[in-house]
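In: Fold the following and give me the result.
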Amino acid sequence: MVPRSAPTRAPAQSPAVELLLVDARARRFTQDRARRTYEALIEAAEQAFIEDGYDATGSPDIAARAGVSVGTFYRYFDDKKQAFVEVSRRHLAAGYHRILEQLTPERFVGKARHATIALAIDILLDHVARYPRMHRVFVEMSLRDQDIGELRRAFDEVSRAKLAQLIGAIATRAVVPDPEATAWVIHIAAVECASTIAGLHGPPTIDVDRAKAALGRVIERALFDA
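Out: Now for the predicted structure:
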């Protein structure tokens, strides 16, 4: 199965999507020193949340890791949750850029779709496996904090919309009559499989290579098999 028409340039991101993918606060810094301090605090916060979790991390811990005073921390963030939201946003944006922005219609022409799907699965698994503790902390926080839960839902919606757009370009309506619903199912299946393979729910109960191959077959059949 080939795309129904020649690939076209992807439409520009909406303002809402841009806000998710770009750190608007960092853009406002006019001095390099302020920017470096901000980035140091973000990096320190990420390491603190990964190593100690959210509840055990305090603003003084983040400041100490960054080598600045607590007062300096509060010049950049209202509290540790604001820092956590930015760390999480960056983690999610990195995954979006690494996975979804690489999936263009022309990469699914003919036999190339096998390698493309396999590569996308590998990148997703690698992304989750790189930061398993951060991913776990983020999921836990998204279930008990409204702001973080909204951030998670926003990225899920943006990712599924991007995936639905791709599916609409590479699959016929005879095979995929509802690209949005198909994107919803594939997104949940892929993310949940990646989380489980990465050990976020305990040791995987099946060989990783077998799981990856099965996930790839499920996705390919959903998109291309009549």
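
In: Am I right that T172 sits in a helix?
Out: No: under DSSP: H, G, I helix; E, B strand; the rest coil, T172 sits outside any helix and is assigned coil.

In: Run a quick neighbour tally on it.
Out: 15 (other Cβ atoms under 10 Å). All C-beta spots, glycine's among them, are computed from the backbone N, C-alpha and C.

In: How about F224?
Out: 17.

In: Roughly how far does it sit from V109?
Out: 11 Å (Cβ to Cβ, to the nearest Å).

In: and D78, how many residues sit next to it?
Out: D78, neighbours per other Cβ under 10 Å, totals 9.

In: which residues touch it?
Out: By Cβ atoms under 8 Å, 6 or more residues apart in numbering, no residues touch D78.

In: Please identify which helix or strand holds it.
Out: For D78, there is no helix or strand it lies in under DSSP states H and E.

In: just A63 next, same as before
Out: Assigned by DSSP H and E, A63 falls in helix 59-66.

In: can you pull the contacts of L200?
Out: 128, 132, 135-136, 139.

In: what's next to stretch 137-153, contact-wise?
Out: With Cβ under 8 Å, 6+ apart, stretch 137-153 has contacts from 49-50, 53-54, 81, 84-85, 88-89, 91-92, 195, 200.

In: And for stretch 184-194?
Out: Against stretch 184-194 from outside (Cβ under 8 Å, 6+ apart): 121, 124-125, 127-128, 156, 159-160, 163-164, 167, 211, 215, 218-219, 222.

In: Helices of this structure, start to end?
Out: 15-21, 24-27, 32-52, 59-66, 70-76, 80-99, 112-130, 132-142, 146-170, 179-197, 208-224 (DSSP state H).
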